[in-house]
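Participant: Any chance you could fold what I've pasted below:
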Amino acid sequence: MTDTPDDPAPGKLADNIAYFARALRAAGLPVGPGAVLDAIAAVEAARIGEREDFYWTLHAVFVKRHEQTILFDQAFRLFWRRRALIEKLIQQMSPMAPGAKKPEDKPEAGAARVEQAMNPPKRKPEPPKEEERFSARLTVSDREVLRGKDFSQMSAAEIAKAKRLIAGLQLPDDARPTRRFVADPRGAAVDMRRTLRRSMRAGGASIDIAWRAPAIKPPPLVALLDISGSMAEYSRLFLHFLHAMAEKRRRVHSFVFATRLTNVTREMANRDPDEALARASARVKDWEGGTRIAGCLHAFNRDWSRRVLGQGATVLLFTDGLERDVDATLEFEMDRLKRSCRRLIWLNPLLRYDRFEARASGIRAMLPHVHEFRPIHTIGTMETLCDALSAQRSRDADPRAWLRAVA
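Facilitator: Got it, this is the predicted structure:
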């Protein structure tokens, strides 16, 4: 930034901070020109001598919310580690330059978006081509391709497009009247308290009748997500869907289970999806482990059912139903769960196969105790699920039809 006696050449730190801010903006952080000027002034005033001081100085300027720390950390490591760039720049302000940090082997949340922001694809000029006419009858749009693609295989640009698609999903229209009343000029019941208050304002000379109606609220949504090894390819996709639902809808309770039951509702309430999934993964101890459906359902019915299944809750059970030890306990817990909620919807990714048959003993034991049985593995199936939450139970979703087909 400034000339020093040891190095007469002009410094490049200000330019690199501007380039770093541009990379942060490409990764998704709201960084403007004012923040760049503040960062340069902060570094100039602090007289940075160590890498950690330089990190926290820029962090204090560019990071405005806690969930942005993950993206900033990834961008800082990728931008300033190249060819010991930060050490060379710090030498212009201090003779000491510690060694760079070693990159971690395991990628953290947001690493894919930051890596793509650091290395944007280069656009090569294409030679002009002659106009060709072709039929688009058999072509598929990017939207249709994205609707059938797994979240784990998406790039940063595709994740952004998927977020817009999920944000554009029509929320379930399953609101129902409650026992509480709210003021409504078109209500059918007279609100005596508000009516008497209005009449007292006029000294009792006139009576202005106030009306009320039952409050309309959507019921609670409870998700039981299987994160065992057989469900690893689809559990993260459904967690993204639950995160989108939690942003738009109150009273969304998320539970994950493999060999034990874990409540991740608070972790999924974070606004940033990468940090929400990272926190949930850090709390869960049995990720991609074995499967104990009966034991986990027993823990839920015993510890959580009375807390979260009130007011006509809807339960989404996300599992393939491949239980090893099937006994009467599984049927008992499934029947108890069904009786405790208004609707129990079983989401099974195995239904993506056209020739799926309910021959596994665990599936046959669970199937009679659910209201609906549906697939879930793409954005398209998420749209179908939203429609299913709004609609009434249909004959096509009757689980007893599957039992009659395999009997």
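Participant: Which segments of this protein make up each domain?
Facilitator: As recorded under automatic domain parsing, the domains making up the chain are 13-118, 179-217, 221-406.
Participant: so which of those domains comes closest to L165?
Facilitator: Among those, the nearest to L165 by C-beta to C-beta is domain 221-406 (5.6 Å). Quick note: C-beta positions are derived from backbone N, CA and C, even for glycine.
Participant: gap between that closest one and the chain center?
Facilitator: 16 Å (C-alpha atoms, centre = their mean, to the nearest Å).
Participant: Now tabulate the domains of the chain in a markdown table and tack on mean neighbour count, distance to L165 and mean pLDDT.
Facilitator: Compiled in a markdown table, those are given as follows (neighbours: other C-beta atoms under 10 Å; distance: least, C-beta to C-beta, whole Å; pLDDT from 0 to 100):
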| stretch | mean neighbour count | distance to L165 | mean pLDDT |
| --- | --- | --- | --- |
| domain 13-118 | 16 | 17 | 73 |
| domain 179-217 | 12 | 27 | 84 |
| domain 221-406 | 18 | 6 | 82 |
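Participant: export those domains to a markdown table and tack on distance to V145?
Facilitator: Below are the domains of the chain laid out as a markdown table (distance: least, C-beta to C-beta, whole Å):
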| stretch | distance to V145 |
| --- | --- |
| domain 13-118 | 19 |
| domain 179-217 | 37 |
| domain 221-406 | 10 |
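Participant: what's near enough to touch A269?
Facilitator: 246, 276 (C-beta atoms under 8 Å, 6 or more residues apart in numbering).
Participant: could you measure E158 against T384, distance?
Facilitator: 21 Å (C-beta to C-beta, to the nearest Å).
Participant: can I get the CA coordinates of stretch 211-221 in PDB?
Facilitator: C-alpha atoms of stretch 211-221 as PDB (Å, rounded to 0.1, in the frame of the first residue of the first chain):
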ATOM      1  CA  TRP A 211     -67.200  -9.900  14.700                       C
ATOM      2  CA  ARG A 212     -64.600 -12.700  15.100                       C
ATOM      3  CA  ALA A 213     -63.600 -15.900  13.400                       C
ATOM      4  CA  PRO A 214     -61.400 -18.900  14.200                       C
ATOM      5  CA  ALA A 215     -57.700 -18.300  13.500                       C
ATOM      6  CA  ILE A 216     -56.300 -20.100  10.500                       C
ATOM      7  CA  LYS A 217     -52.800 -21.600  10.900                       C
ATOM      8  CA  PRO A 218     -50.900 -24.400   9.300                       C
ATOM      9  CA  PRO A 219     -50.300 -27.400  11.500                       C
ATOM     10  CA  PRO A 220     -46.800 -28.200  12.800                       C
ATOM     11  CA  LEU A 221     -44.600 -30.200  10.400                       C
END
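Participant: quick one: contacts of it?
Facilitator: 172, 174-191, 194, 245, 249, 251-253, 308-314, 316, 342.
Participant: distance from the centroid: which residue in the protein tops it?
Facilitator: A205 (57.4 Å; C-alpha atoms, centre = their mean).
Participant: for the stretch 251-400 of the chain, what spans make up the helices?
Facilitator: Ranges of helices within the stretch 251-400 of the chain are 265-268, 273-283, 293-303, 305-308, 328-340, 361-366, 379-390, 399-406, based on DSSP state H, counting those that start in this stretch.
Participant: Out of these, which gets nearest to R236?
Facilitator: Using C-beta to C-beta, the helices of the stretch 251-400 of the chain put helix 273-283 closest to R236, at 6.8 Å.
Participant: Restricting to C-alpha, output that closest one in CSV.
Facilitator: Output of helix 273-283 as CSV, limited to C-alpha atoms (Å, rounded to 0.1, in the frame of the first residue of the first chain):
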residue,chain,number,x,y,z
PRO,A,273,-27.9,-23.8,4.3
ASP,A,274,-24.3,-24.7,4.3
GLU,A,275,-23.8,-23.7,7.9
ALA,A,276,-27.1,-25.3,8.9
LEU,A,277,-26.1,-28.7,7.4
ALA,A,278,-22.5,-28.4,8.9
ARG,A,279,-23.9,-27.8,12.4
ALA,A,280,-26.4,-30.6,12.1
SER,A,281,-23.6,-33.0,10.9
ALA,A,282,-21.3,-31.9,13.7
ARG,A,283,-24.0,-32.7,16.3
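Participant: a helix runs through the residue farthest from the centre of the chain, doesn't it?
Facilitator: No. A205 is assigned coil when assessed by DSSP: H, G, I helix; E, B strand; the rest coil, not a helix.
Participant: And it, how far from A215?
Facilitator: Where A215 is concerned, A205 sits at a distance of 32 Å (C-beta to C-beta).
Participant: what comes into contact with stretch 180-193?
Facilitator: By C-beta under 8 Å, 6+ apart, the list of residues contacting stretch 180-193 reads 194, 209-215.
Participant: how about the nearest residue to W346 once chain neighbours are set aside, what does it touch?
Facilitator: Nearest residue to W346, sequence neighbours excluded (C-beta to C-beta, 6 or more residues apart in numbering): V370, at 4.3 Å. By C-beta under 8 Å, 6+ apart, the contact set of V370 is 317, 334, 338, 344-346, 399.
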